[in-house]
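In: Provide a 3D model corresponding to the input given below.
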Amino acid sequence: VCIQVFFFRTGQNWGNRAYFPKADPALDAAEVLGSFLAQFYDDKPTPRTILLSHGVEDQELLAEALSTRAGRKVAISVPQRGEKKDLTDNALQNAREALGRRLAETSTQGRLLTGFAETFGLKKTPVRIEVYDNSHIMGTNAVGAMVVAGPEGLVKNQY
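Out: Residues are numbered from 1 along each chain as shown. Model prediction:
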């Protein structure tokens with residue numbers, strides 16, 4: 001699953017970001033997107049308008065909850081034509097491409113981990129690898145660092 005978020009403020013595109021929430025494959029797009037929205041804006045400023053490529057369950061209730069949290073009206077809509085529809089189509093295409101890249105990276109990472117297990121004679125393919133580096137300058141200014149990798153690549157939030 002990939003959800004592409006475009007950030008527009010005062011009519012200008014401030015960039016976009018792809019999110020890959022873990023979701024039960026049995027859930028449909030509306031359920032995943034609705035859950036994502038509720039969590040996404042929990043700790044971020046909520047815009048006045050949220051455009052979606054797909055409708056979500058309890059869309060009015062979600063808009064009302066976001067409005068209450070923001071202290072002003074928040075509208076959630078699924079554009080059917082025009083410029084706003086073009087924006088959501090663009091976001092949907094970006095999400096497809098980002099998901100394709102992520103799947104390719106995950107596949108490559110899986111092969112690397114399998115090769116790692118074979119090289120070191122491990123019975124199982126590792127699901128987490130931690131790499132530590134401890135350095136110093138002539139015995140002073142000691143510093144240590146750790147990076148973490150798993151089946152989906154580097155796990156930056158665990159450094």
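
In: Need the mean per-residue confidence for the helix or strand hosting Gln93.
Out: Here Gln93 is covered by helix 82-119, with elements defined by DSSP states H and E. Regarding helix 82-119, the rounded mean pLDDT is 90.

In: from the chain's centre, how far out does it sit?
Out: Averaging C-alpha positions (C-alpha atoms, centre = their mean, to the nearest Å) puts helix 82-119 11 Å from its chain's average.

In: can you check stretch 6-21 too?
Out: 12 Å.

In: Likewise for stretch 105-121?
Out: The gap between where stretch 105-121 is centred and where its chain is centred comes out at 24 Å by C-alpha atoms, centre = their mean.

In: Flag every buried residue along it.
Out: Buried residues in stretch 105-121, counted by 16 or more other C-beta atoms under 10 Å: Gln109, Leu113. In short, each C-beta sits where N, CA and C put it, glycine included.

In: Show me the contact partners of it.
Out: Residues from elsewhere that reach stretch 105-121 (C-beta atoms under 8 Å, 6 or more residues apart in numbering): Leu122, Lys123, Lys124, Thr125, Pro126, Val127, Ile129, Ala149, Gly150, Pro151, Glu152, Gly153.

In: The chain - how does it break down into domains?
Out: 3-119, 129-158 (automatic domain parsing).

In: and the ones you listed, which is most packed in?
Out: domain 3-119 (a mean of 14; mean count of other C-beta atoms under 10 Å).

In: Straight-line length of it, end to end?
Out: Counting by C-alpha to C-alpha, to the nearest Å, you get 37 Å between the two ends of domain 3-119.

In: Equivalent analysis for stretch 55-74, please.
Out: Stretch 55-74 end-to-end distance (C-alpha to C-alpha) = 15 Å.
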